[in-house]
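*Asks:* starting from these lines, generate the structure:
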Amino acid sequence: MIAEIGARAITTMAVNIGPVLKSGSLDPELLETANTWFSRSWWGLMIAGGITAMAACATVAFLILQFWSSNIKERFSDERIAANEAETKRAIADSDSAKEGTARANEHIAELTAQAEEARRETAQAKLELQQIRFPRSINLEKFQERIANCP
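*Replies:* Take a look at the predicted model:
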């Protein structure tokens, strides 16, 4: 049964295909126009393909250039980073030695301040002793009474 249905379908297709294979009358001018546009489109396709190929080659060339230049930039940035790290270590060492110098200077200032304070105390004591020698602060009662008695 399936074979019968398949045979009928093939027969029907063969009968119906006949008019499709027979071409109608073609206008020769239409064929000439089609041939002209076919050759033009072929050349256009070749030119566009050439431009695309050149663009692909340029893209590859620029990618290689980008890769090369990024490697050089990375190498120089690594050197710059190493130089900056060395300079930072040197600056830290200088800062530490400056801090030590500042600490020594502060200790010296504290010693000098203590010496100055001692010198001020000694100067004040000496001035007091000098004043006591020049102008005695104690009054002799007998001398005071004599002087008062002699006063009019």
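*Asks:* so residue 138: helix, strand or coil?
*Replies:* At residue 138 the chain is in coil, as set by DSSP: H, G, I helix; E, B strand; the rest coil.
*Asks:* low pLDDT regions in this structure?
*Replies:* 1-3, 6-7, 9-25, 136-137, 152 (pLDDT under 70).
*Asks:* can you pull out the strands in it?
*Replies:* In the chain, no strands are defined using DSSP state E.
*Asks:* so which residues of it form helices?
*Replies:* Taking DSSP state H as the criterion, the chain carries its helices at 2-21, 28-134, 141-150.
*Asks:* and those as TSV, adding mean neighbour count?
*Replies:* (C-beta placed from N, C-alpha, C; glycine too.) What follows is those, written out as TSV (neighbours: other C-beta atoms under 10 Å):
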stretch	mean neighbour count
helix 2-21	9
helix 28-134	10
helix 141-150	9
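*Asks:* can you tell me how far residue 59 is from residue 65?
*Replies:* Between residue 59 and residue 65 the distance is 11 Å, computed by C-beta to C-beta, to the nearest Å.
*Asks:* got the contact list for stretch 92-108?
*Replies:* With C-beta atoms under 8 Å, 6 or more residues apart in numbering as the test, stretch 92-108 has no contacts from any other residue.
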